[in-house]
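Asks: Turn this into a model:
(one chain, ligands or ions: 2)
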Amino acid sequence: MTDILPEDDLHAIASRAKAKTDISHIHAFLGASTSEKWLEVAKNNLPLLMQDHANCEKKAAGTAMNLIFRYEFHRDLQEKLAQLVREEMLHYEQVLELMKERGIAWSHLPAGRYAKGLLKHKRTWEPAGMIDMLIIGAFIEARSCERFSALADVIDDEKLSKYYKYLLKSESRHYEDYLALAQSVSDESIDERVAFFRAVEAELIDSPDSELRFHSGVPDFV
Ligand SMILES: [Fe+2]
Ligand SMILES: [Fe+2]
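Replies: Numbers count the residues shown, from 1 in each chain. Ligands and ions are numbered 1, 2, ... in the order given. The predicted model follows:
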């Protein structure tokens, strides 16, 4: 099998990423920060979190692929999302490899409430539906970035911590691409819609949640 995550490369990439990846704009964009409680529970349940992370990467690629088919008239979207699909599938392979290294067997894990909680507010007519999907994509990518950064600082698994830092650069670009694409299909400013989804997303992150997932709320079960 091809080595998808060569140790030396990862080390070099992670140190560069650490020096270069400033995610203060992500913190400014999001309406809430990850709670200490989520971080505490997450770092003690890394196998479950890695399984959910693998699911998220695959879903991110699948969603982007659907957008590529649905909005074939938008040339810039085709190019940006084709790159995104490639990167998410690489991440998927990398997470699978990290799970294998740690002896974590694949398990079926149903999705949490997060994506559904955002998608239920998507408008059904166009181009409003397209704008909403792209804004939701931006929030999911921004939150992933914020959580990778927070997790990297607290977990005891050094290689995984480096890997999370390595992901910051691409995930923060995915957030920027989605947001720019959303603005590109709207004649008016999308600020109001972004503010709406900011509040919805912050509520999903800040309210009690009975399940642990990569994008879950504050755990209420411990
Ligand atoms: Fe990813
Ligand atoms: Fe991404």
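Asks: Low-confidence bits of this protein, can you list those?
Replies: Low-confidence segments of the chain, defined by pLDDT under 70: 1-20.
Asks: Helices of that one, start to end?
Replies: For the chain, applying DSSP state H gives helices covering 7-20, 24-29, 36-43, 46-70, 75-101, 114-119, 128-154, 158-184, 191-206.
Asks: Among the ones you listed, which comes closest to ligand 1?
Replies: Ligand 1 lies closest to helix 75-101 among these, at 3.8 Å (CB to the ion). All C-beta spots, glycine's among them, are computed from the backbone N, C-alpha and C.
Asks: any idea what sits nearest residue 139, other than its immediate chain neighbours?
Replies: residue 201 (4.8 Å; CB to CB, 6 or more residues apart in numbering).
Asks: I'd like the distance between that neighbour and residue 95.
Replies: Separation of residue 201 from residue 95 (CB to CB, to the nearest Å): 23 Å.
Asks: cool, residue 36 as well?
Replies: 25 Å.
Asks: Out of these two, name the residue with the larger neighbour count.
Replies: More neighbours surround residue 95 than the other of residue 36 and residue 95, with 25 against 11 (other CB atoms under 10 Å).
Asks: wait, that one sits on residue 54?
Replies: Yes. The criterion here is CB atoms under 8 Å, and residue 95 meets it with residue 54 at 4.4 Å.
Asks: what does the chain have sitting close to ligand 1?
Replies: Contact residues, the chain versus ligand 1 (CB under 5 Å from the ion): 57, 88, 91.
Asks: for these, which one is nearest residue 23?
Replies: residue 91 (17.0 Å; CB to CB).
Asks: Quick check: the gap between that closest one and residue 221.
Replies: According to CB to CB, residue 91 and residue 221 sit 28 Å apart.
Asks: cool, residue 213 as well?
Replies: Distance from residue 213 to residue 221, by CB to CB: 12 Å.
Asks: out of these two, which sits in the busier spot?
Replies: For residue 213 versus residue 221, the count of surrounding residues by other CB under 10 Å is larger for residue 213: 23 against 9.
Asks: who's in contact with the closest residue to residue 55 other than its chain neighbours?
Replies: Excluding the flanking residues, the one nearest residue 55 by CB to CB, 6+ apart is residue 109, at 6.3 Å. Neighbouring residues of residue 109 by CB atoms under 8 Å, 6 or more residues apart in numbering: 48, 51-52, 55, 213.
Asks: Give me the residue at the spatial middle of this protein.
Replies: In the chain, the residue lying closest to the centroid (CA atoms, centre = their mean) is residue 144, at 3.2 Å.
Asks: my read: that residue touches residue 205, true?
Replies: No. Taking contacts as CB under 8 Å, residue 144 lies outside contact range of residue 205: 12.0 Å.
Asks: Common neighbours of these two, please.
Replies: Joint contacts of residue 144 and residue 205 (CB under 8 Å, 6+ apart) are residue 215.
Asks: related to what we said a few turns ago, so what does the residue nearest to residue 55 look like in phi/psi?
Replies: Note on residue 109: backbone dihedrals following degrees, to the nearest 10 are phi -130, psi 110.
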